[in-house]
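>>> what follows is a predicted protein model with its sequence.
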Protein chains: 2
Amino acid sequence: MARERKFNTVDLFQAAKQLLLEYGYDGFTFSLLADRMDVSRAALYKYYENKEELITDFMIYEMELFLHELKEIEKLNGFDQQFDFLMDFIFTKTEIHHLIKAALHVLAKLEQTNINKEKLEKLPLEMYRYLNTFILKGKEEGKLKSHIPDSLIIGFILQTVAIPNHFGVPHQEWVNSIKEIIRQGMFNNS
Amino acid sequence: MARERKFNTVDLFQAAKQLLLEYGYDGFTFSLLADRMDVSRAALYKYYENKEELITDFMIYEMELFLHELKEIEKLNGFDQQFDFLMDFIFTKTEIHHLIKAALHVLAKLEQTNINKEKLEKLPLEMYRYLNTFILKGKEEGKLKSHIPDSLIIGFILQTVAIPNHFGVPHQEWVNSIKEIIRQGMFNNS
DNA sequence: AATATAAGTGACAACAATGTAACTTTAAAT
DNA sequence: ATTTAAAGTTACATTGTTGTCACTTATATT
């Protein structure tokens, strides 16, 4: 008994993602999104009470997807292979880093009453906890230095994707160098 | 023959800095700044044509200050001491990292006509060039691995200040661990 | 004391985003 | 064919920022 929908949620999130990466959280508006979806602005209000709710919904979707894909790591044996997988994986998902940052930005402003707040707060922690088991494995296998805090190891690895390649070093060389620094540092052994 | 000024540029920049870090570039408004300075909004327009001009002026001031203080590094002898100085220095100036990011954000939107554009573009490069001589020294002394791109080494070091310390690791342990990772990596030698 | 002039203010129009309410359209169910 | 209800649109009031202009205030110079 209802009319056909002009757009689906996945397409909407796709467009929202592009706009968020292009304009940032503050630059993102319903007008922009409505235009891009060829739909009236008011139509969006049928599904989302406001910008916050739409964006938090989108972020939860995006981070769950990321976490789901990350779990492929379990299929690999041994820490070394998993380390390589993780590094390559996050470099195919550089956007997630920006989105997580945006998520923190949103969280700071979020109304206490927002339904999504709790869920959105949990997801980064879940990711950390998940990666933590990976770190633990590395330490148990004697691969990772045991005296370095787990959270720093995780943060360090995730942060590398945000290093700006101002001078256009070729991607593979860039990634390989980063892996080497993480593994053995940038100093020569003396 | 003129009335006394209610505020000076340094105080203004101080307030602007706080507001920028608190609200981000987009959240920063003349109303906010005027309120904080106990001055009418229109008064600000006597000195700056718009938000862009004020913020770019401020950023140039801030980055020049940073660069100036960084040059203390020249008083130290040998790469090892300079490395330590640099690491400690950027950790006393974590805001500069956010400001540089904001600067890039501004640059992207800046009108071609903006007088400050050229100058603002040059400063990060100047900083890179300056740090580059430091990197070169490390390579010449045989301390730094010569096959890792200079720009990555610099970016890597600068980026470490942005790693979020979600779990509140004590500052000194945090910084020391970062130094160790940068120097020798997070893997055990095998 | 008079004056010139920079410093500062208040008020206005223009613009854009937000959220809502009354309306129209479409298609499935009866 | 009629009804029903969700999908979508148009139009409006509200809010806040922006930039500008005419105006007032204060002070150094004459």
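All right, it came through fine.

>>> and the residue nearest to residue A:160 when sequence neighbours are not counted, backbone torsions?
Excluding the flanking residues, the one nearest residue A:160 by C-beta to C-beta, 6 or more residues apart in numbering or on different chains is residue A:178, at 5.1 Å. Placement of C-beta: from N, CA and C, glycine included. With angles defined as degrees, to the nearest 10, residue A:178 sits at phi -60, psi -40.

>>> burial count for residue A:178?
Residue A:178 has 20 neighbours, counted by other C-beta atoms under 10 Å in any protein chain shown.

>>> same question for the one 3 residues further on.
A total of 23 residues lie near residue A:181 under the criterion other C-beta under 10 Å.

>>> buried set for whichever strand or helix holds it?
Taking DSSP states H and E as the criterion, residue A:181 maps to helix A:171-184. For helix A:171-184, a neighbour-count test (16 or more other C-beta atoms under 10 Å in any protein chain shown) marks A:174-175, A:177-184 as buried.

>>> please list which of those also come close to DNA strand D.
Among the buried residues of helix A:171-184, not one lies near DNA strand D by C-beta under 7 Å from any atom of the strand.

>>> same list (the residues you listed) but as JSON lines, adding distance to residue A:138 and pLDDT.
Shown next, in JSON lines, are these (distance: C-beta to C-beta, whole Å; pLDDT from 0 to 100):
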{"residue": "A:174", "distance to residue A:138": "23", "pLDDT": "98"}
{"residue": "A:175", "distance to residue A:138": "19", "pLDDT": "97"}
{"residue": "A:177", "distance to residue A:138": "20", "pLDDT": "98"}
{"residue": "A:178", "distance to residue A:138": "17", "pLDDT": "98"}
{"residue": "A:179", "distance to residue A:138": "14", "pLDDT": "98"}
{"residue": "A:180", "distance to residue A:138": "16", "pLDDT": "98"}
{"residue": "A:181", "distance to residue A:138": "16", "pLDDT": "98"}
{"residue": "A:182", "distance to residue A:138": "11", "pLDDT": "98"}
{"residue": "A:183", "distance to residue A:138": "11", "pLDDT": "98"}
{"residue": "A:184", "distance to residue A:138": "14", "pLDDT": "98"}
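
>>> of those, which is the nearest to residue B:47?
residue A:174 (43.0 Å; C-beta to C-beta).

>>> against DNA strand C, how distant is the closest one?
From residue A:174 across to DNA strand C, the span is 36 Å (C-beta to the nearest atom of the strand, to the nearest Å).

>>> and for residue A:20?
In terms of C-beta to the nearest atom of the strand, residue A:20 sits 13 Å off from DNA strand C.

>>> what helix or strand is that residue on?
helix A:9-27.

>>> do the same with residue A:6
Per DSSP H and E, there is no helix or strand for residue A:6.

>>> what's around the closest residue to it other than its chain neighbours, how many residues?
Ranked by C-beta to C-beta, 6+ apart and with sequence neighbours excluded, the top spatial neighbour of residue A:6 is residue A:39, at 5.6 Å. Neighbourhood size, residue A:39 [other C-beta under 10 Å]: 15.

>>> was I right to think residue A:39 contacts residue A:5?
No - with contacts counted by C-beta atoms under 8 Å, residue A:39 stays clear of residue A:5, the gap being 9.8 Å.

>>> check contacts around the residue nearest to residue A:126 when sequence neighbours are not counted.
Spatial nearest neighbour of residue A:126, excluding adjacent residues (C-beta to C-beta, 6+ apart): residue A:67 at 6.8 Å. Residue A:67 makes contacts with A:123, A:126-127, A:130, as judged by C-beta atoms under 8 Å, 6 or more residues apart in numbering or on different chains.

>>> residue A:67 in helix, strand or coil?
helix (DSSP: H, G, I helix; E, B strand; the rest coil).

>>> could I get the CA-only coordinates of stretch A:148-160 as CSV?
Written as CSV, here are the backbone C-alpha positions of stretch A:148-160 (Å, rounded to 0.1, in the frame of the first residue of the first chain):
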residue,chain,number,x,y,z
ILE,A,148,55.6,-1.4,24.8
PRO,A,149,52.0,-0.7,25.7
ASP,A,150,49.4,-2.5,23.5
SER,A,151,47.4,0.6,22.9
LEU,A,152,50.4,2.4,21.5
ILE,A,153,51.2,-0.4,19.2
ILE,A,154,47.7,-0.4,17.8
GLY,A,155,47.5,3.4,17.6
PHE,A,156,50.9,3.5,15.9
ILE,A,157,49.9,1.1,13.2
LEU,A,158,46.6,2.8,12.6
GLN,A,159,48.1,6.2,12.5
THR,A,160,50.6,5.4,9.8
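
>>> to the chain's geometric centre, what's the distance from the biggest helix by length in chain A?
Scanning chain A for the helix with the most residues, using DSSP state H, yields helix A:117-140. For helix A:117-140, the separation from the chain centroid amounts to 13 Å (computed by C-alpha atoms, centre = their mean, to the nearest Å).

>>> beyond it, next helix or strand please.
By DSSP H and E, the next helix or strand past helix A:117-140 is helix A:150-159.

>>> mind listing what's buried along that following helix?
A:150-159.

>>> returning to that earlier point: the longest helix of chain A - what's its average pLDDT?
Averaged over helix A:117-140, pLDDT sits at 90.

>>> helix A:150-159 and that helix, what's the angle between them?
Counting by axes from the mean of the first three to the mean of the last three C-alpha atoms, to 10 degrees, helix A:117-140 lies at 100 degrees to helix A:150-159.

>>> and helix A:117-140, what does it pack onto?
helix A:51-70, helix A:79-92, helix A:94-109, helix A:150-159 (3 or more C-beta pairs under 8 Å, 6 or more residues apart in numbering or on different chains; DSSP states H and E).
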